[in-house]
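S.K.: coords please:
(chains A and B)
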Amino acid sequence: MSRRNLGLTEPRGSLKRRGSRWLLALLTAVTVTLGGWLFYNTLAVAGVNLLEYALLPLFFVLFAWIAFSFWTATFGLVSSLRGNCRPKRTGACGKIPASLSRTAVLMPVHNESPASVFAGVQAMLRSLAETGQAEHFDFFVLSDTTDPDIWLEEERSWARCVAEHPTAPRVFYRRRPKNVSRKAGNIADFCCRWGSQYAYMIVLDADSVMEGKTLIEMVRRMDADPRMGILQVPPTPVNRMSLFARLQQFAARVYGPIYIQGFASWAQFDSNYWGHNAIIRIDPFIKHCGLPTLPGKAPLGGEILSHDFVEAALMARAGYSVCLAQDLGGSYEECPTTLLDFAKRDQRWCQGNMQHIRLVFSEGFRPLSRVHMAMGAMSYLSAPLWLLFMIISAGAMLWEGQAATSDHTWRQGGAMVFGLTMALLLLPKLWGLIAIKGQPARVEQHGGWNNVVTSVLLETVLTTLIAPLMMVFHSRFVFTTLLLGEKVHWSAQNRGEANTDFVTALRVYWPHTLLGLGTALVVWLAAPPLLIWFSPVVAGLMLSIPLSMLLGDVRVGQKLAHKGLLLIPEETTTPPILQAQQEAVESWERAAAQFDRSRLFEAVLLDPSFHLLHHNLLRATDAHLPAKEEDLQPIVERIQRDGPAAVSAQERVTLLSDIKALRNLHIRLRSNVRSAHTALTT
Amino acid sequence: MTAIASPIGAKQTQPDSAHPHAVEQARCVVAEYLRDWGLRDPELVALETRRIVRRADNHLARDGGEPTAQALSETAIRLTIEEIETWISQMASQSRRRNNGHPNGHGSMGESAFHSPDLTHHRNRLPARLLFILEQSVSPVVPSTRRREMRPQPRTRLWKVLRRGYWRQLWKSALACCGRWIRSSR
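M.R.: Numbering: from 1, shown residues only, chains lettered A, B, ... in the order given. As a prediction, the model looks like this:
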């Protein structure tokens, strides 16, 4: 259905935006042509061999990718210098209207730490209460948790949360007995059951926090524009202390705004949805955004894993705009703290984005939606292409022999191509610096100008070393997904701070180290002058074990913070919502520690109040899942004979899901057992 | 709920069961259960225990035969749970009614406890916070469901030129065309 069919008109400024798109495409094309011409002329010095011909298309694709990224950042810088993107600290945009549409704030969780989840909820409840508009919102903690201990801990935490917040907004909790279609299925389940009672839903991640004013501003903007389907607020990564996390946080705060502004300058009303920290109009979402199942088997077929891009594309197809609120602040998330956790998350995203390749070439999507999906796929495909480019280029140079590489013209041409490539990669960092230079207050928040410059240099060196490691990871993910058909499993993301120990680093990074050593040896034996060109890549690979340990080290991150390096404004002046979150996390963790989580199963069997709470929650949320008698019998017998610890996690889930069986066992046990410690009064 | 409908200290009108061992064991079990619920007054626990066990005994007597200690204890615990559930539901609905009168609902149960002697009486028996939590668990944990279907969008088809069927069809028509041409040229 087109925008015209829906009676909708093109948004204002779309002509200008189309102009931006054409200009971006033109500048990218000119840059690629220039780079390609330089590259071809360099190769042609000693005659182009067969391998070099194979290099040319790879060069064009990779160069186009970095040129596109460079010009997006440059658009962002221009926009920023013209004063178009001064992110507001919060969403306050003048007066708050007297009436807002009913909005559900959704927090889908899957085996997350309940203390962190409910601490985030509590911080947002307080922030919303301060606005005086809390009655327009309801919170839903939508659990897909499969670990029985975490499940019970969630129930206990929910009970504590509602006891502490008896007033609006209400906090609802439900756990799905079956995790159909992962996070997308979790949200769809909400839409089917309660979606009709709300105009919008704000989708969060388990580690997301948003200020009350931002939530209200999101609703206000949706109310003001009935054709807006999705409004994405860019989240700022915060709260982490490891060196790797602080690198990401710093990069997101210094370079992120210009990339986002640049992206917004050409994509504004055809923007994208990143899966969380976004508000969605429920009615069109229900009508038009039910995810199709892709033909074929997983990993490339079956259920769509990266649902967000597809949902945005479906919403756009239905004629609704998908917007980016790049001017809104007060939207936060947390990032992985170690390189390994980052890579694990990327593995899931990689498989999801590979599925999008098919959709790029499918009927019915808007061109910009195809661009977003292609960009998502390319962010992973670029790694194996880069690896292939390096292998072929090394082979080509060996074929040519040392005579070619010692030629002055060849060296000059090579240096120009290298220089241009480096400029495209590094100049956006300079753009980021220029953008914040004009904001003295922000420079101070980053620890002063000298610290900002030092931090940028440090970040540049470290990310240069990290890049080849990620290239190897991504190449492996793409290879295993596309060629071996390997499926990723849906496991909870590790969101805690934990150092990478030597054994783990050795176990994970020995292939990287060997690859680096092997490449260096081969290049040194074949053409020693080339080693200098390969050094940024092989250095990162060879140092991967100590580098990963260094990056995951919280103490190093803290030391740098004390020296004022890699600082972000949220660390120098913590926003009230993050302060509230920190206090809540401490309080919730203290409360959680008062009752051993591993004994909650025993508590639900014996403690009358906790048993009743669990029983009522199952009944109220329709989460009762009766088990077969032949499955239950051995579980019950084993518990009676050997105690609650004698049954496996899956068996505990089976019993906990069956109201009747659990009640009968509770009664039977309480007929013999004398007393139990309550899990609820703490 | 029996505990609310009938005064706690109601006089016993029926004699205890003739199987003292089973009754004694059931009373111990129920007393412990009530204590775990937060009842601390020994006199109150004893009275409630006797009443519940007697109900359980009567209940089993209707089925005929002398109940075992285990059966009596289990029935007594089951009745206790049922009574507590009903009681908490009533408390929750009373709270909700009061909150509806006071939209801001400042500390719903805490406030209502001061206005209702009955509730105050019961409140003393359970920790207020625990009671509030349980009230929440029987008041809407989630809003009432108004089911709506979210249908998966139809499968997106690949572009024509990328479909195997398209090329197969094209090949077939090309062959057919060639065949016709050959036949006509003969």
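S.K.: What separation do you get for A:Arg668 and A:Ser382?
M.R.: Going from A:Arg668 to A:Ser382 by C-beta to C-beta, to the nearest Å gives 61 Å. Every residue, glycine included, has its C-beta placed from N, CA and C.
S.K.: Please disregard the earlier target; I meant B:Arg148.
M.R.: Distance from B:Arg148 to A:Ser382, by C-beta to C-beta: 41 Å.
S.K.: Then A:Gly432?
M.R.: As for A:Gly432, its distance to A:Ser382 is 21 Å (criterion: C-beta to C-beta).
S.K.: Those two: which is more packed in?
M.R.: Counted by other C-beta atoms under 10 Å in any protein chain shown, A:Gly432 and A:Ser382 do not tie: A:Gly432 has more neighbours, with 26 against 19.
S.K.: What sits closest to that one if chain neighbours are left out?
M.R.: A:Tyr255 (3.9 Å; C-beta to C-beta, 6 or more residues apart in numbering or on different chains).
S.K.: give me the number of residues near that neighbour?
M.R.: Around A:Tyr255 there are 22 other residues, counting by other C-beta under 10 Å.
S.K.: Same check on the one 5 residues further on?
M.R.: Here the neighbour count serves as a burial measure; for A:Ile260 (other C-beta under 10 Å) it reads 21.
S.K.: The one 4 residues further on now?
M.R.: Using other C-beta under 10 Å, A:Ala264 has 25 other residues around it.
S.K.: Which SSE is immediately downstream of the lowest-mean-pLDDT helix or strand in chain A?
M.R.: Within chain A, confidence by mean pLDDT, DSSP states H and E is lowest for helix A:402-405 among all helices and strands, at a mean of 68. Sequence-wise, the next helix or strand downstream of helix A:402-405 (DSSP states H and E) is helix A:408-437.
S.K.: How about residues contacting whatever helix or strand comes next after that following helix?
M.R.: Counting by DSSP H and E, the element after helix A:408-437 in chain order, helix or strand, is helix A:440-445. Under the criterion C-beta atoms under 8 Å, 6 or more residues apart in numbering or on different chains, residues A:Ile436, A:Lys437, A:Trp449, A:Val452, A:Leu567, A:Ile568, A:Pro569, A:Thr572, A:Thr573 lie in contact with helix A:440-445.
S.K.: Out of these, which end up buried?
M.R.: For the contacts of helix A:440-445, burial is judged from neighbour counts taken by 16 or more other C-beta atoms under 10 Å in any protein chain shown, and it is met by A:Ile436, A:Val452, A:Leu567, A:Ile568, A:Pro569.
S.K.: Could you dump the residues you listed into CSV and include distance to chain B, pLDDT and secondary structure?
M.R.: Converted to CSV, the buried ones among the contacts of helix A:440-445 look like this (distance: C-beta to the nearest C-beta, whole Å; pLDDT from 0 to 100; DSSP: H, G, I helix; E, B strand; the rest coil):
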residue, distance to chain B, pLDDT, secondary structure
A:Ile436, 42, 93, helix
A:Val452, 46, 96, helix
A:Leu567, 41, 96, coil
A:Ile568, 37, 96, coil
A:Pro569, 36, 95, helix
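S.K.: Pick the one among those closest to A:Ala591.
M.R.: A:Ala591 lies nearest to A:Ile568 out of the buried ones among the contacts of helix A:440-445, by C-beta to C-beta, at 29.4 Å.
S.K.: residue contacts, the closest one?
M.R.: Under the criterion of C-beta under 8 Å, 6+ apart, the neighbours of A:Ile568 are A:Thr236, A:Val238, A:Gln249, A:Phe250, A:Ala252, A:Arg253, A:Gln445, A:His446.
S.K.: my guess is A:Gly329 contacts A:Thr236, does it?
M.R.: Yes - between A:Gly329 and A:Thr236 there is a contact under C-beta atoms under 8 Å: 7.5 Å.
S.K.: how about the strands of chain B, start to end?
M.R.: For chain B, strands defined by DSSP state E do not occur.
S.K.: Run through it and note the low-pLDDT ranges.
M.R.: In the predicted model, chain B carries pLDDT under 70 at residues B:1-18, B:65, B:96, B:98-140.
S.K.: Let's see that with 80 instead.
M.R.: Along chain B, the model assigns pLDDT under 80 to residues B:1-19, B:38-40, B:63-67, B:88-142, B:144, B:155-156, B:186.
S.K.: Show me the longest helix that occurs in it.
M.R.: helix B:69-101 (DSSP state H).
S.K.: List the buried residues of the helix or strand that contains A:Gly516.
M.R.: Assigned by DSSP H and E, A:Gly516 belongs to helix A:502-526. Using 16+ other C-beta under 10 Å as the test for burial, helix A:502-526 gives A:Thr504, A:Ala505, A:Val508, A:Tyr509, A:His512, A:Thr513, A:Leu515, A:Gly516, A:Thr519, A:Ala520, A:Val523.
S.K.: Can you name the secondary structure element that comes next after that helix?
M.R.: Counting by DSSP H and E, the next helix or strand C-terminal to helix A:502-526 is helix A:531-542.
S.K.: Can you tell me the closest non-neighbouring residue to A:Met416?
M.R.: Using C-beta to C-beta, 6+ apart and skipping the chain neighbours, the partner closest in space to A:Met416 is A:Leu38 (5.4 Å).
S.K.: Can I take it that that neighbour is in a strand?
M.R.: No - counting by DSSP: H, G, I helix; E, B strand; the rest coil, A:Leu38 is not part of a strand but helix.
S.K.: For chain B, see how far away it is.
M.R.: For A:Leu38, the distance to chain B (C-beta to the nearest C-beta, to the nearest Å) stands at 34 Å.
S.K.: again with A:Leu433
M.R.: When A:Leu433 is compared with chain B (using C-beta to the nearest C-beta), they lie 43 Å apart.
S.K.: Is that residue in contact with A:Val456, as I believe?
M.R.: Yes - using C-beta under 8 Å, A:Leu433 makes contact with A:Val456 at a distance of 6.0 Å.
S.K.: was I right about A:Asn186 contacting A:Leu142?
M.R.: Yes - A:Asn186 sits in contact with A:Leu142 when judged by C-beta under 8 Å, with a separation of 5.1 Å.
S.K.: overlap in contacts of the two?
M.R.: A:Pro108, A:Arg176.
S.K.: Let me know how buried A:Thr131 is, in neighbour terms.
M.R.: For A:Thr131, the neighbour count with other C-beta under 10 Å is 18.
S.K.: which residues touch the nearest residue in space to it that is not next to it in sequence?
M.R.: If the residues on either side of it in the chain are set aside, A:Thr131 comes closest to A:Gly212, at 4.5 Å by C-beta to C-beta, 6+ apart. The contact partners of A:Gly212, by C-beta under 8 Å, 6+ apart, come to A:Met124, A:Arg126, A:Ser127, A:Leu128, A:Ala129, A:Glu130, A:Thr131, A:Gln133, A:Ala134, A:Ile577.
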